[in-house]
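Trainee: Got a predicted model here, sequence first, then my questions.
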Amino acid sequence: MTPSPTDVAALHTVLLDWFDRHARDLPWRRDPSPWPVLVSELMLQQTPVVRVLPVFEAWMLRWPAPPDLAAEPAGEAVRAWGRLGYPRRALRLHAAAVAIVEQHGGDVPADHDDLLALPGVGEYTAAAVASFAFGQRHVVLDTNVRRVLARVADGQQYPAPAVTAAERRLAGSVLPEVGAHRWAAATMELGATVCTARSPRCGDCPVADLCRWRAAGHPEHVGPPRRGQAWDGTDRQCRGRLLAVLRDSTDPVTLAQLEAAWPDQQQRMRCLDSLVADGLVQPAAGSTYTLPG
DNA sequence: AACTCGTGGGT
DNA sequence: TACCCAAGAGT
């Protein structure tokens, strides 16, 4: 439900004021240049801030601009990605750097649609980079913003499994005409640090008095339970083990070394094949494997 | 539209 | 302990 204009104005005032006082001092905020912002956004897809920080710092020292990364083999990006998870993101970030060099003269494009065309950049990331690095006005709908809006405006504990049209409409209706990029950052920050999924700290929330979920007495989520992510014995676990062996070795890895990482032969070879198909692993001489050159 | 894709810390 | 879930994207 769309809040009244009065409530929207109050939300803006109180949340932006809170953000002035409580925003975390993150490196990609201290220097919100396009490349650091793009790198951070790729790393932050499904990965918590605290785990991204050290990898981000090392990454920016090594590759301070898109051409620096584009000049390296993709495998170096995969290795530097370390244990952030979802290593295909490292491949996409490398491919994005190449595209930026080839199609945009080495500078991260400012246009939303140009950003969206980059590998690894979807609707959220395009809006985030356009907002935070270029100060544009876009609906930035990440998991934090979705949860904050679900609670404050809709009185629901959690948003729907996937972004709905109504949700996007609501987010657009509360987006300030001026300073939209700060509003985006503020709502994300609130969701990340106060209006958290598991244990919201409503006592510290600047918009508690305007929150419909709180007014309704914090009703539990109703509806189909959200499926967790299976892990033990999955291909994802197997792929992770195999790629860890590759990351930790500068020399080509033998099939025997990979066998030590995952006992099930059939699954091991299937996952190795899928890693090769994804471009994360490259076959080398004598039935050995390396990160992509 | 549902499914896949890593990793590790919090509760 | 056994989940839950984190600045999503691609297919």
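Mentor: Thanks, I have it. Numbering: from 1, shown residues only, chains lettered A, B, ... in the order given.

Trainee: can you give me the strands for chain A?
Mentor: A:253-254, A:282-284, A:288-290 (DSSP state E).

Trainee: how about the ones you listed in TSV, adding mean pLDDT, mean neighbour count and distance to DNA strand C?
Mentor: Backbone N, C-alpha and C define where each C-beta goes, glycine included. Shown next, in TSV, are the strands of chain A (pLDDT from 0 to 100; neighbours: other Cβ atoms under 10 Å; distance: least, Cβ to the nearest atom of the strand, whole Å):
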stretch	mean pLDDT	mean neighbour count	distance to DNA strand C
strand A:253-254	98	18	25
strand A:282-284	98	14	18
strand A:288-290	98	18	22
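
Trainee: could you dump the ones you listed to TSV with distance to residue A:126?
Mentor: TSV is the format used below for the strands of chain A (distance: least, Cβ to Cβ, whole Å):
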stretch	distance to residue A:126
strand A:253-254	36
strand A:282-284	30
strand A:288-290	33
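
Trainee: isn't residue A:94 right next to residue A:77, touching?
Mentor: Yes - if you go by Cβ atoms under 8 Å, residue A:94 and residue A:77 touch, sitting 4.1 Å apart.

Trainee: excluding its backbone neighbours, what's nearest residue A:231?
Mentor: residue A:237 (5.8 Å; Cβ to Cβ, 6 or more residues apart in numbering).

Trainee: what about the one you found, how many neighbours?
Mentor: For residue A:237, the neighbour count with other Cβ atoms under 10 Å is 15.

Trainee: How much space separates it from DNA strand C?
Mentor: Here the criterion is Cβ to the nearest atom of the strand, to the nearest Å. By it, residue A:237 lies 12 Å from DNA strand C.

Trainee: all helices of the stretch 1-150 of chain A, in order?
Mentor: Counting by DSSP state H, counting those that start in this stretch, the stretch 1-150 of chain A has helices at residues A:5-22, A:27-30, A:34-44, A:49-62, A:66-70, A:74-81, A:88-104, A:112-116, A:123-132, A:143-152.
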